[in-house]
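>>> this one's sequence-less:
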Ligand SMILES: Cc1ncc(COP(=O)(O)O)c(C=O)c1O
């Protein structure tokens with residue numbers, strides 16, 4: 001079981017970006033252009049995202065976390081208000097909710113898809129609820145038609161943490177197109193990787209507010225003022241922050257964004273290879289995909305049942321790393337069990353805690369070769385024999 005399959009094989013990272021000559025050329029073009037901050041490349045990215053998603057507006061920012069912070073600020077969410085959100089997520093959205101003075105109300109997930117369900121969200125609504133912030137786990141969209149109906153019925157804002165879902169859709173709706181606002185990530189390990197970076201998309205009035213808040217509250221951008229008689233001719237309309245994406249980042253992001261159809265196809269092929277090779281292993285569940293879902297495949301997340309699998313999740317990860325030099329990852333430590341949230345009162349979240357103890361993300365990214373994919377399959381199968 002612990003024998004090395006490929007002695008001396010190079011370590012296979014859990015994730016690695018696929019950067020080509022086009023990305024390098026676009027970044028060099030920006031370096032040579034004389035304009036490094038938010039400008040023409042960021043506008044190209046925003047235009048491309050608006051066109052593809054059919055949203056009213058898009059704003060390129062420094063990270064998905066920044067986009068989420070701006071979303072809650074622009075929506076006017078604050079003290080005394082609650083935002084319903086999952087705990088099986090990254091801390092970014094709950095942290096941003098706390099930062100604006102509101103309270104995250106965690107709800108449980110569907111144990112198969114690991115997404116928050118509209119039914120669980122509805123049960124958590126109180127007179128203090130202002131918004132529902134869904135998260136599309138691993139790139140599989142939540143049921144956004146149902147969430148939209150729920151939000152409208154109760155007069156709530158709907159915000160999508162679509163960090164994993166930049167090229168995902170469900171029932172013909174792209175991720176990010178149904179919420180009042182949605183946030184995407186261009187972090188180094190995401191499906192389109194720009195090192196750091198994010199996008200805030202959605203309703204024109206809210207993105208307009210977010211854009212002001214994301215550039216100090218100043219009523220015009222540096223690019224708009226550039227070349228004008230007096231670049232200091234501006235007004236501060238609200239006490240904003242500084243969250244704009246630089247054109248260096250946008251140069252990389254705009255090329256990666258254009259490659260998403262190619263990247264997603266490759267991710268889907270790898271996922272299909274894993275599912276057909278691993279589905280028969282006892283105690284290991286391959287990811288469940290609901291009807292109508294075009295999965296973005298940021299994660300290939302298996303669930304390992306400690307009672308019926310030969311190895312527990314952490315043992316599986318340790319043996320894959322030690323004996324096969326294959327790195328994996330875990331998504332996520334439930335947020336309600338982390339520092340600032342530990343002493344708050346939460347409802348029971350049994351499906352979240354079970355999934356968090358069982359979940360393991362296998363390498364699944366377009367920079368992998370067919371040999372890499374086969375290596376992962378052989379290693380996992382060997383652990384199970
Ligand atoms: C679900 C989720 N939301 C938000 C983020 C934050 O993204 P960023 O690093 O771009 O701020 C992440 C990052 O991994 C994430 O997984």
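Cool, got the structure. Owing to the predicted nature of the structure, the values given are computational and were not obtained by experimental measurement.
>>> just the mean pLDDT for the longest helix anywhere in the chain, thanks.
The residue-count maximum for a helix in the chain (DSSP state H) belongs to helix 260-278. For helix 260-278, the mean per-residue pLDDT is 98.
>>> distance from the chain centre to that helix, please.
Put simply, helix 260-278 sits 18 Å off its chain's centre (C-alpha atoms, centre = their mean, to the nearest Å).
>>> partner strands of the helix or strand just after that helix and their direction?
Downstream of helix 260-278, the next assigned helix or strand under DSSP states H and E is strand 284-285. Using DSSP bridges, strand 284-285 pairs in its sheet with strand 300-304 (antiparallel).
>>> so what's the residue nearest the centre of the chain up against?
The chain has residue 163 as the residue nearest its centroid, 1.7 Å off, counting by C-alpha atoms, centre = their mean. Residues near residue 163 by C-beta atoms under 8 Å, 6 or more residues apart in numbering: 64, 90, 92, 135, 183, 184, 185, 187, 190. Bear in mind the C-beta positions are built from the backbone N, C-alpha and C, glycine included.
>>> out of those, which comes closest to residue 76?
residue 183 (16.7 Å; C-beta to C-beta).
>>> can you tell me the SS state at the closest one?
Put simply, residue 183 is strand when judged by DSSP: H, G, I helix; E, B strand; the rest coil.
>>> got the contacts of residue 163 as CSV, with distance to residue 334 columns?
Below are the contacts of residue 163 laid out as CSV (distance: C-beta to C-beta, whole Å):
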residue, distance to residue 334
64, 19
90, 11
92, 14
135, 12
183, 20
184, 23
185, 20
187, 21
190, 21
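>>> of these, list those near the ligand.
Of the residues in the contacts of residue 163, proximity to the ligand by C-beta under 6 Å from any ligand atom holds for 64, 90, 92, 135, 185, 187.
>>> contacting residues for the third one?
It refers to residue 92. If you count contacts by C-beta under 8 Å, 6+ apart, residue 92 has them with 64, 65, 68, 161, 163.
>>> quick one: residue 266 and residue 161, what's the gap?
To residue 161, residue 266 is 24 Å away according to C-beta to C-beta, to the nearest Å.
>>> and what of residue 28?
For residue 28, the distance to residue 161 equals 33 Å [C-beta to C-beta].
>>> ok, now residue 320?
29 Å.
>>> which residues sit against stretch 63-78?
With C-beta under 8 Å, 6+ apart, stretch 63-78 has contacts from 59, 61, 83, 92-93, 95-97, 99-102, 130-131, 133, 157, 159, 161, 163, 180-181, 183-187, 196-200, 202, 206-207, 209-210, 213-214, 241, 243.
>>> give me the buried positions along that stretch.
For stretch 63-78, burial by neighbour count (16 or more other C-beta atoms under 10 Å) applies to 63-75, 77.
>>> low pLDDT regions in this protein?
Applying pLDDT under 70 to the chain picks out residues 1-8, 229.
>>> would you mind listing what in it touches the ligand?
Residues of the chain lying close to the ligand by C-beta under 6 Å from any ligand atom are 63-65, 89-90, 92-93, 135, 161, 163-164, 185, 187, 198.
>>> between those residues, which is nearest residue 330?
Nearest to residue 330 among these: residue 90, at 11.5 Å, using C-beta to C-beta.
>>> so that closest one belongs to a helix, correct?
No - assessed with three-state DSSP, residue 90 is coil; it does not lie in a helix.
>>> which parts of the stretch 51-200 of the chain are helices?
64-74, 92-99, 118-123, 144-154 (DSSP state H, counting those that start in this stretch).
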